[in-house]
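Chemist: fold the following for me, if possible:
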Amino acid sequence: MTRCSHQQSPYQLLFGEPHIFEDLLGLKIRISPDAFFQVNTAGVIGLSLAQYTSQVLGIELMEQAVEDARWTAAFNGITNCAFHTGRAEKILPQLLKSKEDGQLIVAVVNPARAGLRKDD
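Modeler: Next up, the predicted model:
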């Protein structure tokens with residue numbers, strides 16, 4: 001049996017709140033039913049690094065996880081993060097075109113993905 005998404009079989013809230021919240025590293029994180037929090041699809045890594053960098057770009061396949069990351073950023077007053085829905089190998093090249101030559105860029109990929117090395 002596989003886990004279906006909200007789009008495949010819409011969830012119906014029967015009782016309680018539509019999200020759970022977790023306090024982590026000084027941030028209040030919103031987690032939707034479709035997010036897999038253990039692997040960080042709620043923007044936790046990027047949001048926790050935001051105070052140490054000028055800009056954070058997050059890329060995630062699940063739209064609900066991107067919405068959670070955006071909510072978490074706004075709720076915590078983090079304004080230097082932008083989150084995008086889609087495949088990193090398609091979105092990242094477009095985002096990098098807008099960066100200046102020589103600008104320092106650090107990529108944090110969780111979990112590591114094929115296609116990040118030149119020989120992939």
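Chemist: can you list the residues that contact the lengthiest helix in the chain?
Modeler: If each helix of the chain is counted by residues according to DSSP state H, the longest one is helix 63-75. Defining contact as Cβ atoms under 8 Å, 6 or more residues apart in numbering, one finds that helix 63-75 is touched by 6, 19, 27-35, 41-44, 46-47, 50, 58, 60, 78-79, 81, 83-85. Every residue, glycine included, has its C-beta placed from N, CA and C.
Chemist: so is Arg30 in a helix, a strand, or just coil?
Modeler: Secondary structure of Arg30, reduced to three states by DSSP: H, G, I helix; E, B strand; the rest coil: strand.
Chemist: do the same with Leu57
Modeler: Secondary structure of Leu57, reduced to three states by three-state DSSP: strand.
Chemist: now do Glu22: how many residues are near it, please.
Modeler: Here the count is done by other Cβ atoms under 10 Å, and Glu22 has 13 residues near it.
Chemist: right, I mislabeled it, should have said Ala73
Modeler: The number of residues packed near Ala73 is 22, by other Cβ under 10 Å.
Chemist: the strands in this structure, which residues?
Modeler: Secondary structure of the chain, counting by DSSP state E: strands at 20-24, 27-31, 56-60, 81-85.
Chemist: buried deepest among the ones you listed, which one?
Modeler: Using mean count of other Cβ atoms under 10 Å, the stretch among the strands of the chain with the largest mean neighbour count is strand 56-60, at a mean of 22.
Chemist: can you give the strand pairings for that one, parallel or anti for each?
Modeler: Note on strand 56-60: by DSSP bridges, its sheet partners are strand 81-85 (parallel).
Chemist: give me the contacts around the strand it pairs with.
Modeler: Outside strand 81-85, the residues that reach it (Cβ under 8 Å, 6+ apart) are 43, 46-47, 50, 55-63, 66, 69-70, 73, 91, 95.
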